[in-house]
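A.B. asks: Here you go, sequence then predicted model.
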Amino acid sequence: MLPRVFTRMLGWDTPKATADGVQTVDLEKLQCRLGRGRRRWPIAAMILLAPLVIFGLFGSLLAPHEIMGPPNPANALRPPAWMDGGSWSYLLGTDKLGRDLLSVLMVGARTSLIVCVVGVLFAGLIGIVLGLLAGYFSKWVDNVIMRVVDVVMSIPGIAFHAVVRRGVGARYQNHNHFHGAADVVRLHA
């Protein structure tokens, strides 16, 4: 039984009133209406993520060209197929070593998939452990854990990167590795 305000908000028919004046709503109708609208969104996400998962699992088998072979200077820096001088055999073109970029992307999806899965599992493990500790021990342990999480979440990423960069110094030549390491420290501190 839902109040009349909710049924009007959801755009349903006027609820039926019983003999004692209580208004009721059919639960099957409620489940159908709520379920239909919510099931459309995950399908769009699955369509967008399906190529990443498929290429991550089977990319080396589906790749049209071998990427681990010796460099092929004859095919170096070919444009994509839709540009002048492009070829349909190299749909996205080639790099400086003559490797097909589509094949590189397909094979490289495995690394992205592994990083995503390991990151989610690691973050979930930390969350489960902290949640169990906060729930099992007294309220002050919960408060300490929450304050530490609040402090970590309140620091903007760019400020954290600047502080870590200043503390580390100019030892890191590759900024991408530095930013990745700083993110790991920030998220899992």
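C.D. replies: Arrived safely, thanks for sending.
A.B. asks: which helices and strands sit right next to the host helix or strand of residue 127?
C.D. replies: Element membership of residue 127, judged by DSSP states H and E, is helix 101-136. On a contact count with 3 or more CB pairs under 8 Å, 6 or more residues apart in numbering; DSSP states H and E, helix 101-136 meets helix 40-62, helix 139-154. Yep, even glycine has a C-beta here, placed from its N, CA and C like the rest.
A.B. asks: To residue 107, which of those lies closest?
C.D. replies: helix 40-62 (4.7 Å; CB to CB).
A.B. asks: Please spell out which residues along the helix holding residue 127 are buried.
C.D. replies: For helix 101-136, the neighbour count (16 or more other CB atoms under 10 Å) marks 101, 102, 103, 104, 105, 106, 107, 109, 110, 113, 130, 134 as buried.
A.B. asks: Check stretch 60-74 too.
C.D. replies: 63, 65, 67.
A.B. asks: pLDDT value on the last one, please?
C.D. replies: It refers to residue 67. Looking at residue 67, its pLDDT reads 89.
A.B. asks: correct me, but residue 78 touches residue 90?
C.D. replies: Yes - with contact defined as CB atoms under 8 Å, residue 78 and residue 90 form a contacting pair (5.2 Å).
A.B. asks: pull the helix or strand with minimum mean pLDDT from this protein.
C.D. replies: helix 175-187 (a mean of 51; mean pLDDT, DSSP states H and E).
A.B. asks: do you know how far residue 123 is from residue 52?
C.D. replies: 19 Å (CB to CB, to the nearest Å).
A.B. asks: now do residue 65
C.D. replies: Plainly put, residue 65 is 20 Å away from residue 52 if you go by CB to CB.
A.B. asks: wouldn't residue 102 be in contact with residue 94 here?
C.D. replies: No - using CB under 8 Å, residue 102 makes no contact with residue 94, being 9.6 Å away.
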